[in-house]
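S.K.: Only the shape, not the letters, is given here:
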């Protein structure tokens, strides 16, 4: 057998590397059960490649360390050789070793000092860069509210489609709201304990009993909220069934949508309406419009607040947080925020009502449903359950104590407007009270006494309300009131 010609043939067929490994396996230098590097590389997975890459990186690091150690060893040997020549006549190994060790120690101390100085310099540069970044950007808005400030991507196309202002940075937001940058930093920062409260807080009585908590923003915050309302919120589409806090709509327009004297009228109330709308929901609203998580967080901070309790600490009043951030009932931006957040719920409820022949309107947290037709064909319980499911799936709850189911023989009213008769009106009790006020004021006037200013203002306000509700129906009383107020 011509071994050389066979070898050449195998080399030409398989290549030098593969031929070499075959011979190594043949002579026992490479285990036959293990694949050759060539075969292994051919079948290598992405994970194997990454592992091999990590091993090579570790090998390179180890090689660098060994190389450095050899370099230092060579330097030491050179110094030893130099010292050996210097002291070859009086060679004292221990003395030379001590001198070398001392020099090496000095150099080591110097290197450590240099490294320490460099670390301090880098630390100082990092601190200065952080301080500069903090001064030029809003990086933190309070514990529990800063988690998506890193999301800076804005959906410009979506904002342009809705004709909303393009706001991509905090400084652009400050310019849009017409406030100083430092004012924005202050208004958009949450503190658990403050010495100055940005809200006037007071309670007003409810018609149904109890009190309604109102938080009205102070001037600087109120101006910022109004700018958000005018430049962003009022441009957003809301449902046609919403009649609260919408231009050209009111409790009257909401009542007039319904037929007078329907066979069935259902009034429902959403429980804790404003407190149910949290910081996260308001932030989500702005993100849905197209704003980045960063800008949405700043806008939500300005539009929400938290309940606070005043506490005296060392003679100073502190206001302590007692709730998470929610929508304030008293902010100029809050009503429109509720309408936008309720848009999907209104759409779903309207769709259900359309199928059943029910008329639906909503004024803030008051929802009204009217039906004309045979009640035997209308499953009230099933309808109420369906409405409840929609409301609860949208994050709200029904105040069941305020749900009223009114038929024709009941006094049917929608947000204070009575719709029992062929024309709308107000409650008889309310009319009687106004008639009595006008009568008593007329008696004072006839007796030559002055009518109290407060009484005049109350009568003027109620007459204006009657005029807006149904001027024709209450014409006589309106005229009496206007005659009374002339002098």
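M.R.: Received, thanks. As the structure is a computational prediction, the values presented were derived from the model and not from experiment.

S.K.: need the strands for the stretch 51-200 of the chain, in chain order.
M.R.: Using DSSP state E, counting those that start in this stretch, the strands found in the stretch 51-200 of the chain span residues 193-194, 199-205.

S.K.: Enumerate every residue touching residue 7.
M.R.: For residue 7, the contact set (Cβ atoms under 8 Å, 6 or more residues apart in numbering) comprises residue 19. Yep, even glycine has a C-beta here, placed from its N, CA and C like the rest.

S.K.: do the one 4 residues further on as well
M.R.: The neighbourhood of residue 11, defined by Cβ under 8 Å, 6+ apart, consists of residue 19.

S.K.: So it, which state does it fall into?
M.R.: helix (DSSP: H, G, I helix; E, B strand; the rest coil).

S.K.: Would you check how far apart it and residue 183 are?
M.R.: Residue 11 sits 81 Å away from residue 183 when distances are taken as Cβ to Cβ, to the nearest Å.

S.K.: And residue 309, by the same measure?
M.R.: Applying Cβ to Cβ, the value for residue 309 to residue 183 is 26 Å.

S.K.: quick one: which of those two has more around it?
M.R.: Taking other Cβ atoms under 10 Å, residue 309 and residue 183 do not tie; residue 183 has more neighbours (16 against 10).

S.K.: Just give the closest residue to that one, not the sequence neighbours.
M.R.: Spatial nearest neighbour of residue 183, excluding adjacent residues (Cβ to Cβ, 6 or more residues apart in numbering): residue 220 at 6.8 Å.

S.K.: How far off centre is whichever strand or helix holds the one you found?
M.R.: In this assignment (DSSP states H and E), residue 220 forms part of helix 219-231. Computed by Cα atoms, centre = their mean, to the nearest Å, the chain-centroid distance of helix 219-231 equals 18 Å.

S.K.: And the contacts of it?
M.R.: By Cβ under 8 Å, 6+ apart, helix 219-231 touches 165, 176-179, 183-184, 187, 198-199, 216-217, 299, 302-303, 331-333, 336.

S.K.: which of those are buried?
M.R.: Among the contacts of helix 219-231, those buried by neighbour count (16 or more other Cβ atoms under 10 Å) are 176-177, 179, 183-184, 187, 198-199, 217, 299, 302-303, 331-333, 336.

S.K.: what element comes up after the helix holding residue 220 heading to the C-terminus?
M.R.: Downstream of helix 219-231 (by DSSP H and E), the next one is helix 251-257.

S.K.: What helices and strands are in contact with that next one?
M.R.: strand 358-363, strand 413-414, strand 417-418 (3 or more Cβ pairs under 8 Å, 6 or more residues apart in numbering; DSSP states H and E).

S.K.: can we see that at 6 Å?
M.R.: Counting contacts by 3 or more Cβ pairs under 6 Å, 6 or more residues apart in numbering; DSSP states H and E, helix 251-257 packs against strand 358-363.

S.K.: Quick check: closest non-adjacent residue to residue 158.
M.R.: residue 290 (3.6 Å).

S.K.: doesn't residue 156 make contact with that neighbour?
M.R.: No. Residue 290 is beyond contact range of residue 156, at 7.3 Å (criterion: Cβ atoms under 6 Å).

S.K.: Comparing these two, which residue is more hemmed in?
M.R.: residue 290 (20 against 11).

S.K.: Take the strands of the stretch 51-200 of the chain and lay them out in CSV including mean pLDDT and distance to residue 405.
M.R.: Below are those laid out as CSV (pLDDT from 0 to 100; distance: least, Cβ to Cβ, whole Å):
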stretch, mean pLDDT, distance to residue 405
strand 193-194, 94, 46
strand 199-205, 89, 26
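
S.K.: mind checking which of those is nearest residue 376?
M.R.: Taking Cβ to Cβ, strand 199-205 is the member of those nearest to residue 376, at 41.2 Å.

S.K.: and that closest one, what does it pack onto?
M.R.: strand 211-217.

S.K.: mind listing what the strand it packs on pairs with, with the direction of each?
M.R.: strand 199-205 (antiparallel) (DSSP bridges).

S.K.: The strand it pairs with versus helix 219-231: what angle between them?
M.R.: 80 degrees (axes from the mean of the first three to the mean of the last three Cα atoms, to 10 degrees).

S.K.: How many neighbouring residues does the closest residue to residue 312 other than its chain neighbours have?
M.R.: Distance criterion Cβ to Cβ, 6+ apart; nearest residue to residue 312, sequence neighbours excluded, is residue 318 at 7.7 Å. Residues lying near residue 318 (other Cβ under 10 Å) number 15.

S.K.: wouldn't residue 318 be in contact with residue 194 here?
M.R.: No. Residue 318 is beyond contact range of residue 194, at 7.2 Å (criterion: Cβ under 6 Å).

S.K.: What segments of the stretch 251-400 of the chain are strands?
M.R.: All strands of the stretch 251-400 of the chain, identified by DSSP E, counting those that start in this stretch, fall at 264-269, 308-313, 316-321, 358-363, 366-371.

S.K.: mind checking which of the ones you listed is nearest residue 77?
M.R.: Going by Cβ to Cβ, the one of these nearest residue 77 is strand 316-321, 70.3 Å.

S.K.: May I see the buried residues of the closest one?
M.R.: 319, 321.

S.K.: show me the contacts for residue 198.
M.R.: Applying Cβ atoms under 6 Å, 6 or more residues apart in numbering to residue 198 gives the contacts 218, 221.

S.K.: re earlier: show the pLDDT at the residue nearest to residue 183.
M.R.: Per-residue confidence at residue 220 stands at 96 (pLDDT).

S.K.: so what are the domain limits for this protein?
M.R.: If you go by automatic domain parsing, the domain ranges for the chain are 3-43, 141-231+278-326, 242-276+335-415, 428-486.

S.K.: so can I have TSV of these showing distance to residue 94?
M.R.: As requested, those are exported to TSV (distance: least, Cβ to Cβ, whole Å):
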stretch	distance to residue 94
domain 3-43	49
domain 141-231+278-326	63
domain 242-276+335-415	84
domain 428-486	109
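
S.K.: coming back round to it: take the strands of the stretch 251-400 of the chain and write them to JSON lines, including mean pLDDT and distance to residue 446.
M.R.: Below are the strands of the stretch 251-400 of the chain laid out as JSON lines (pLDDT from 0 to 100; distance: least, Cβ to Cβ, whole Å):
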{"stretch": "strand 264-269", "mean pLDDT": "96", "distance to residue 446": "42"}
{"stretch": "strand 308-313", "mean pLDDT": "91", "distance to residue 446": "50"}
{"stretch": "strand 316-321", "mean pLDDT": "92", "distance to residue 446": "52"}
{"stretch": "strand 358-363", "mean pLDDT": "97", "distance to residue 446": "41"}
{"stretch": "strand 366-371", "mean pLDDT": "97", "distance to residue 446": "41"}
